[in-house]
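[1] coords please:
(chains A and B)
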Amino acid sequence: MSGFTAQLRREWLLLVQHSEEALNPLVFLFLAISLFALATGGGPDVLRDTAPAIIWVLVLLANLLSLEALFRRDFEDGSLEQLLLKAEPAFLVLLAKVLVHWAMSGLAMTLLAPLAALILYLPSSALPTLMLGLFIGTPALSFIGAIGAALTVGLRRGGVLLALLVLPLYVPVLIFGAGAVSEQMAGIETTAQIYWLGVITMAALTLAPFGIHAALKVSLEQ
Amino acid sequence: MKDRLLSIEDLRCERDGRQLFTGLNLSVEAGECVALLGPNGSGKSTLLRCVTGFFPDYEGTIQVAELAYLGHRPGIAAGLSALENLRWYAGLAGVDGGNLSALLERVGLAGYDHILAGRLSAGQQRRVALARLMLDRAPLWLLDEPFTALDTDGVDLVRALLVAHLNGGGAALCATHQALEVAGSSVLDLGAGR
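    Numbering: from 1, shown residues only, chains lettered A, B, ... in the order given. All right, here's what the predicted structure looks like:
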């Protein structure tokens, strides 16, 4: 078994073991979406127009919530030390870790997007763009976020700092993701936005594992 | 000539404005075991972390062969069974795990294969970490207080593992407060001269 598959297997088993924890960000997402639906008094029209922004912002926040735990346990029990010491190459093994995180956050949110669209009266014609945007854009959230999580894992209360570090970096994904859905609803071509999301994700996929590796080394210096 | 597995030359290290050691030289060859002694805060763990590369803030040169590390934190995931912890490590280290149950039996954990590590006691988790050391083919062991949380049987087990490792051509650097009582081991006292 290579390091990559060994790590995939481990992350999957831990995900099953801590499944309630993994579900929390999804529950948060739908709770917050429901709160928006309840609080917006303007009816379906107002909700429909703001739905792309609401969904994307909440996906960002739910993602952020799930990030804090990404390296925490491994850091505390010493598994992270073993990983950095033995994994060859470490960035590939870290890639496996982030991929499993994405499957439980970004991918799960993509698959549940129709439900979010239904609650917020998003027209069904805009749903494919929303789902495609989430599918292509959310890996970038996991990869960029993982760098922040790696940098703050050694801090006792890294949560707020993590948000301050990561949220500004999420802005391009938010702009292109929410923009694509809004423009689809306005009848404008959205290919460019989707391509840009692809570019951001590919760049994050290629570069972030090295960043995560370097950030974890810094965190382990303490 | 024996293989040199660790060579430290003129090492100087400061931590939080305090000088831990200066002009430290150490060479560990195959079959050798060096016990690092010294009071709390004398830099035993830091020296081990310098060798692993986790603590890069030092001056001097360290040349090191492939190593296995057992730190303060055992590196055992509470959400995985003892067996899965070993399987993960075998995958990471790129070694064929072979019969992992037999390894657990060797460290006194027969029948604990599928019990979650989080349900094991601190000493038992430490034993899983010892099984992990045996799994590793790395010639140099870096052990940070390996006797922590272990009962007298466990302490004897660590000694037996060390002897077997040294006889197999391995070497070890071991931070400890307890006498190693391993034949042929030497002592480096970091507290001396303070």
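[2] What sits closest to A:Ala51 if chain neighbours are left out?
    A:Leu120 (3.8 Å; Cβ to Cβ, 6 or more residues apart in numbering or on different chains). Quick note: C-beta positions are derived from backbone N, CA and C, even for glycine.
[3] who are the neighbours in contact with the one you found?
    Counting by Cβ atoms under 8 Å, 6 or more residues apart in numbering or on different chains, A:Leu120 makes contact with A:Ile33, A:Phe36, A:Ala37, A:Leu47, A:Arg48, A:Thr50, A:Ala51, A:Ile54, A:Ile55.
[4] same check, this time on A:Phe28
    Residues counted as contacts of A:Phe28 (Cβ under 8 Å, 6+ apart) are A:Leu61, A:Ala62, A:Leu65.
[5] Give the next helix or strand downstream of the helix or strand where the second one lies.
    A:Ala62 is located in helix A:44-67, with elements delineated by DSSP states H and E. Taking DSSP H and E as the definition, the helix or strand that follows helix A:44-67 towards the C-terminus is helix A:72-77.
[6] ok, and for that following helix, which residues are buried?
    In terms of neighbour count (16 or more other Cβ atoms under 10 Å in any protein chain shown), helix A:72-77 has its buried residues at A:Arg73, A:Asp74, A:Phe75, A:Asp77.
[7] Stretch B:58-69 too?
    B:Tyr58, B:Gly60, B:Ile62, B:Val64, B:Ala65, B:Leu67, B:Ala68, B:Tyr69.
[8] does chain B sit close to whichever strand or helix holds A:Ile212?
    Assigned by DSSP H and E, A:Ile212 belongs to helix A:191-220. Yes. Judged by Cβ under 8 Å from any Cβ of the partner chain, helix A:191-220 comes into contact with chain B through A:Lys217, A:Leu220.
[9] My read is that B:Lys44 contacts B:Ala175, right?
    Yes. Using Cβ atoms under 8 Å, B:Lys44 makes contact with B:Ala175 at a distance of 3.7 Å.
[10] what touches both of these two?
    By Cβ under 8 Å, 6+ apart, B:Lys44 and B:Ala175 have these common neighbours: B:Leu36, B:Asp144.
[11] near chain A, which residues of chain B show up?
    Residues of chain B found near chain A (Cβ under 8 Å from any Cβ) are B:52-57, B:67-69, B:71-80, B:84, B:87-94, B:116, B:132, B:136.
[12] Can you check what pLDDT the model gives the residue nearest to A:Ala51?
    Note on A:Leu120: pLDDT of 94.
[13] still on that earlier bit, now go through the residues of chain B next to chain A and say which are in strands.
    Within the residues of chain B next to chain A, residues falling in strands by DSSP state E are B:Leu67, B:Ala68, B:Tyr69.
[14] Show me which of these is closest to chain A.
    Taking Cβ to the nearest Cβ as the measure, B:Tyr69 is the one of these closest to chain A, at 5.7 Å.
[15] Helix, strand, or coil at the nearest residue to that closest one once chain neighbours are set aside?
    Take B:Tyr69 and drop its neighbours on the chain: the residue closest to it by Cβ to Cβ, 6+ apart is B:Leu142, 4.7 Å away. Secondary structure, DSSP: H, G, I helix; E, B strand; the rest coil: B:Leu142 is strand.
[16] And B:Leu104, how far from B:Met134?
    10 Å (Cβ to Cβ, to the nearest Å).
[17] Compare the two and say which is more crowded by neighbours.
    Neighbour comparison, B:Leu104 and B:Met134: the larger count goes to B:Leu104, with 22 against 15 (by other Cβ atoms under 10 Å in any protein chain shown).
[18] List the buried residues for the lengthiest helix in chain B?
    Identified as the longest helix of chain B according to DSSP state H is helix B:152-167. The neighbour-count check on helix B:152-167 (16+ other Cβ under 10 Å) flags B:Gly154, B:Leu157, B:Val158, B:Arg159, B:Leu161, B:Leu162, B:Val163, B:His165, B:Leu166 as buried.
[19] Kindly report the same for stretch A:77-90.
    Buried, per 16+ other Cβ under 10 Å, within stretch A:77-90: A:Asp77, A:Gly78, A:Ser79, A:Leu80, A:Glu81, A:Gln82, A:Leu83, A:Leu84, A:Leu85, A:Lys86, A:Ala87, A:Ala90.
[20] If we check chain B, which of the residues you listed are in contact?
    A:Asp77, A:Gly78, A:Ser79, A:Glu81, A:Gln82, A:Leu83, A:Leu84, A:Leu85, A:Lys86, A:Ala87.
[21] Great, nothing more from me.
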